[in-house]
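1. Dropping the sequence and predicted coords here.
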Amino acid sequence: MAQQIDHTTALPGTYMDLELRSQPDVWLQALQQSATENLLPADGLRVAVVGCGTSWFMAQCYAAAREAVGKGVTDAFAASEAPNLGNRGYDAVVTITRSGTTTEVLQLLTELKGFIPTVAVIGDVESPIIGLADTVIGLPYADERSVVQTRFATTALVYLLSSLGMNLEKAVEDARDALREEIGPELLEAEQFTFLGTGWTVGLAHEAGLKMREAVQGWTESYPAMEYRHGPISIAAPGRVVWLFGNTVDGLEGDVRRTGALFVHSRRHPLAELVRLHKVTLDRALARGLDPDQPRNLTRSVILDG
């Protein structure tokens, strides 16, 4: 049985720690749920996947993975920039939202209701989205108290990727290993991070950059790995980090090392590497006296006036 986290006993500033450490157990619960449900759009359908912030990056991962395994044309959009989806030939729209209260997602579902079948992957199963989406995939055991998302995003992605037939047993075990690893000073004290990905892990790179910006107020950038040498490598330097998720890229490590920057790449599953990044982010935030549960200028959900 997946570990159940009791948030009521958590001290201020520790929710992110509890939540990120629960990920391997919560992922197992999502894998079990995904194996017993058939709620996502059928193979061959043209699908748009939509989210905001972290959920948008998870949408990018799922869209790239779904197309890569031949399940059908799949595009990812930020909810605020979804281009008139009702007239673009999509057979279904999948939304990802932890709170189920994000204004842009609710507005989009309202516009699509009755026109295109919609699926909502959510954490809060009592949120307003319940009455708008045609199908709801509830992951309440992955919901969070920390403003900075960790386990909801990765658990939603585990559910989505496993629905495509991806075996994620290694991801679970690698995540447990990543959580046991000590974080060295070269990561805790680095001046700047650039995150890279290939294929479906490009979304993970963007998410890693967002995590560090939110929790640490740090300078981070993120790119598809093959784009990195088309300009962004110019900022690589000693005391800075280039972190690659997913498959290796010929020649990239050598090019980065020649700049003096630290190149980080692991044989762990990319999702487990994101867990490691969560731990790095938390440790960096705490070392700077920051509270990742309540980052500057952020709230758990963006609810717009008017």
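-> Happy to help now that I have it.

2. can you give me the strands in the chain?
-> For the chain, strands defined by DSSP state E occupy the ranges 47-51, 74-78, 92-97, 118-122, 135-138, 192-197, 220-224, 240-244, 262-264.

3. Okay, now the unreliable bits of this protein?
-> Along the chain, the parts satisfying pLDDT under 70 run over 1-13, 295-306.

4. Quick check: nearest residue in space to A133, chain neighbours excluded?
-> Using Cβ to Cβ, 6 or more residues apart in numbering and skipping residues adjacent in sequence, the residue nearest A133 is A120, 3.6 Å away. C-betas here are computed from N, CA, C, even on glycine.

5. now the one you found: how far from A78?
-> Applying Cβ to Cβ, to the nearest Å, the value for A120 to A78 is 16 Å.

6. Looking at those two, which is more packed in?
-> Comparing A120 with A78 by other Cβ atoms under 10 Å, the one with more neighbours is A120, at 24 against 16.

7. Next, the contact list for the more buried one, please.
-> Residues near A120 by Cβ atoms under 8 Å, 6 or more residues apart in numbering: 94-97, 100, 109, 129, 132-133, 135-137.

8. any idea how far stretch 198-208 is from the chain center?
-> Centroid separation for stretch 198-208 versus its chain: 8 Å, with Cα atoms, centre = their mean, to the nearest Å.

9. residues making contact with it?
-> Stretch 198-208 has contacts (Cβ under 8 Å, 6+ apart) with 54, 57-62, 64-65, 68, 76, 153, 161, 193, 195-197, 220, 222-226, 243, 245-247, 249, 270-271, 273-274, 277.

10. List only buried entries from those residues.
-> Among the contacts of stretch 198-208, those classed as buried by neighbour count (16 or more other Cβ atoms under 10 Å) are 54, 57-62, 64-65, 76, 153, 161, 193, 195-197, 220, 222-225, 243, 245-246, 249, 270-271, 273-274, 277.

11. in stretch 75-92, what's buried?
-> Judged by neighbour count using 16+ other Cβ under 10 Å, the buried positions of stretch 75-92 are 75-80, 82, 85, 90, 92.

12. Check stretch 256-276 too.
-> By 16+ other Cβ under 10 Å, the buried positions in stretch 256-276 come out as 256, 259, 261-266, 268-276.

13. Quote the end-to-end distance of it.
-> Terminal residues of stretch 256-276 lie 21 Å apart, using Cα to Cα, to the nearest Å.

14. cool, stretch 246-255 as well?
-> End residues of stretch 246-255 are separated by 18 Å (Cα to Cα).

15. ok, Q217 to S99 distance?
-> Applying Cβ to Cβ to Q217 and S99 gives a distance of 23 Å.

16. Likewise for L210?
-> From L210 across to S99, the span is 16 Å (Cβ to Cβ).

17. same deal with G231?
-> To S99, G231 is 36 Å away according to Cβ to Cβ.

18. Just give the closest residue to L160, not the sequence neighbours.
-> Nearest to L160 is Y62, by Cβ to Cβ, 6+ apart, at 4.3 Å.

19. wouldn't the one you found be in contact with K71 here?
-> No - in this structure Y62 lies outside contact range of K71 using Cβ atoms under 8 Å: 10.2 Å.

20. which residues of the stretch 101-250 of the chain fall in helices?
-> Assigned by DSSP state H, counting those that start in this stretch, the helices in the stretch 101-250 of the chain fall at 103-112, 151-163, 169-180, 185-188, 202-216.
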